[in-house]
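Enquirer: 3D model of this:
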Amino acid sequence: MAVFRYSLSDFLFACFGLLLHLLDIGLDVWAAVNFYQEGAYASLAVLLLLLLSSSVLVQVFSWFWYSYDNFEMQTKVEKWLSGRLKLLKLLHVLQLGIYVRYAGVLETSVRSLCSPQSDLESDPESDPEGDPESDPEGDPESDPEGVAVYLSQDLSLLLIIETFSESAPQVVLMLTVILQEGRLSSSSVLKAVGSVAAVALALSVTTHHRNMRYFLPDGAQRRRLGSSVVYFLCNLLLLSSRLLALALFASVLPCFIFIHFVCSWLVFFFCAWRFGTEFMESAGGEWTYRATVALIWYFDWFNMTKVSTRRLTQLYHGCVLLDVSVLCGVWCWEMATDPPRFAIPPLYARVTAAGVVALYVLGLLLKVVYYMCFHPNLPPEEQLRGGRWERLQGDEIDGLQADCDVTDRSMSAACNRRMKKVAENFYS
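Expert: Now for the predicted structure:
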C-alpha cells in the first residue's frame with residue numbers, strides 16, 4: 001500500500017518558507033517606514049490595509065480549521081495549547097496563530113526525519129492477525145511522517161491565501177509606485193523582489209502542487225519533479241503578466257484600479273457561489289472561503305469547485321487574457337494622450353504592452369504542455385489515495401462521512417480532508 005512520505009526536500013521547503021515569511025515581514029516594515037518618510041501617505045495606507053486584512057484573513061482560516069478539528073492537537077507545541085484555548089485564541093487575535101502551525105510543522109518534520117521507518121512499513125506481514133492492540137491507528141506519535149504531511153498541507157493552504165491576499169497586491173502596489181515615480185528606490189526594489197519571491201517561490205505554487213500530488217495513487221506520478229517545474233513556470237509567467245498589466249493600468253489610472261478590482265471580485269464571487277464550493281464545515285466559513293476564492297481568481301487560477309477543470313480553466317484564461325489586453329491597451333492610450341510625470345515613447349509603450357500580453361500567452365502554452373504531458377488523467381473508478389493516520393477518529397464526523405478510504409486495517413485511512421478536497425477539484 002502506498003503511504004505518505006515526508007522527505008528532506010519537504011523539510012527544506014518548510015524551513016525556507018518560514019525564513020521567507022520572516023524576511024517578508026522585515027521588508028513590510030521597511031517599506032512602511034520608507035513610505036512614511038517620503039510622505040507617501042496614500043501608498044502607506046494601502047500597504048497597511050493589505051497587511052492587516054491579509055493577516056486577519058489567514059488567522060480566521062487557521063482558527064476555523066482548529067475548531068473543525070475539535071482542537072485535537074498532534075504536536076507537543078499544539079498540545080501545550082490544547083488545554084489553553086483562550087491563549088490559542090489570543091495568539092490568533094494577535095496575528096500569531098500561523099507561527100503555532102509553523103512550529104508544529106518544524107517539530108514533526110525533525111521528528112519524522114530523525115525517526116527510523118516503522119517496522120510495519122518495512123514488514124507488512126508483521127501483524128498478520130490484525131491485533132487491535134498493535135494497531136497504530138489514530139496515534140500520531142507512531143507516525144510522525146503522516147503528522148508532518150498533514151500539518152504542512154494545512155500550512156500550504158494558509159500560505160496560498162496569504163500569497164494572494166498580501167504578496168500579489170503588494171507587487172502591484174510597488175510596481176505602480178516605481179512606474180509613477182520613474183525611478184527605482186532601494187526599498188521599493190527590495191520589497192518588490194521580496195514580494196515576487198513570496199508569490200513565485202514561497203510555497204504558493206510549487207509546494208501547493210507538491211502537496212496535491214501526495215494524493216495520487218500512482219507513486220511514479222507523485223515523484224515526477226518535471227510536473228512541478230512546468231506547473232511552477234506556467235503559473236509564474238501567467239501571474240507575472242497579470243501583475244504587470246494591473247500595475248501598468250494603476251500607474252496611469254490609480255483610482256480606477258479599485259473599481260476594476262471590486263467589479264472583477266464581484267463577478268468571481270458570484271461564480272464561486274453558483275459553481276458551488278463545499279470546503280468549510282460552517283456556513284460562515286464557506287462564505288468566507290468563497291470570498292477568498294474570488295480574491296485568488298483575480299490574480300491567478302486555482303480550481304476550487306467540482307466543475308470540470310479544463311473547461312473552467314479555458315473560460316477563465318480566455319477572460320483574463322482579454323482583460324490583460326484591455327489593461328495594457330488603456331495604458332498605451334494614456335501614455336500617448338495623457339502621460340504621467342514621466343513619458344515613455346509610444347513605440348516602447350507598445351512593445352511593453354505587447355510583451356506583457358505575450359508573456360501571458362507563453363504561460364498559457366506552458367499550461368497546455370502541462371495538461372498534455374504531466375496532468376494525471378484518473379479513471380472515474382480510481383480514487384485519490386488517503387494517508388497513514390487519521391487524527392479524527394471514527395467513520396463519521398459531525399454527520400459528515402470521512403473522505404479517506406480505509407484499504408488496510410493496520411494503516412488507517414486518513415488524509416488531510418481539506419487538501420484532499422482541493423486535490424479532487426484539481427484532478428477532476
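Enquirer: is it true that R101 touches S62?
Expert: Yes: applying C-beta atoms under 8 Å as the test, R101 and S62 come out as touching, 6.6 Å apart. Placement of C-beta: from N, CA and C, glycine included.
Enquirer: and the longest helix for the chain?
Expert: helix 8-38 (DSSP state H).
Enquirer: Count residues in the vicinity of E424, would you?
Expert: 17 (other C-beta atoms under 10 Å).
Enquirer: what about it, distance to V230?
Expert: Note on E424: its distance to V230, by C-beta to C-beta, to the nearest Å, is 22 Å.
Enquirer: Check which helices and strands the longest helix of the chain sits against.
Expert: helix 41-68, helix 97-114, helix 144-162, helix 186-200, helix 206-213 (3 or more C-beta pairs under 8 Å, 6 or more residues apart in numbering; DSSP states H and E).
Enquirer: change it to 10 Å
Expert: Under the contact criterion of 3 or more C-beta pairs under 10 Å, 6 or more residues apart in numbering; DSSP states H and E, helix 8-38 touches helix 41-68, helix 97-114, helix 144-162, helix 168-181, helix 186-200, helix 206-213.
Enquirer: Low-confidence regions, the stretch 51-200 of the chain specifically.
Expert: In the predicted model, the stretch 51-200 of the chain carries pLDDT under 70 at residues 82, 112-113, 115-146, 182-200.
Enquirer: check contacts around C234.
Expert: Contact analysis of C234 by C-beta atoms under 10 Å, 6 or more residues apart in numbering lists 205, 362-371.
Enquirer: Look at the closest residue to L88 other than its chain neighbours and say how many residues are nearby.
Expert: Nearest residue to L88, sequence neighbours excluded (C-beta to C-beta, 6 or more residues apart in numbering): L81, at 4.6 Å. Around L81 there are 20 other residues, counting by other C-beta under 10 Å.
Enquirer: give the contact list for L81.
Expert: So L81 contacts 66, 71, 73, 75, 87-89, 91, 97, 100, 104 (C-beta under 10 Å, 6+ apart).
Enquirer: How about W287?
Expert: When the contact criterion is C-beta under 10 Å, 6+ apart, the partners of W287 are 269, 272-273, 277, 280.
Enquirer: Let me have the contacts of C234 in a markdown table, extended by secondary structure and neighbour count.
Expert: A markdown table is the format used below for the contacts of C234 (DSSP: H, G, I helix; E, B strand; the rest coil; neighbours: other C-beta atoms under 10 Å):
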| residue | secondary structure | neighbour count |
| --- | --- | --- |
| V205 | coil | 24 |
| L362 | helix | 15 |
| G363 | helix | 23 |
| L364 | helix | 20 |
| L365 | helix | 12 |
| L366 | helix | 18 |
| K367 | helix | 21 |
| V368 | helix | 11 |
| V369 | helix | 14 |
| Y370 | helix | 21 |
| Y371 | helix | 15 |
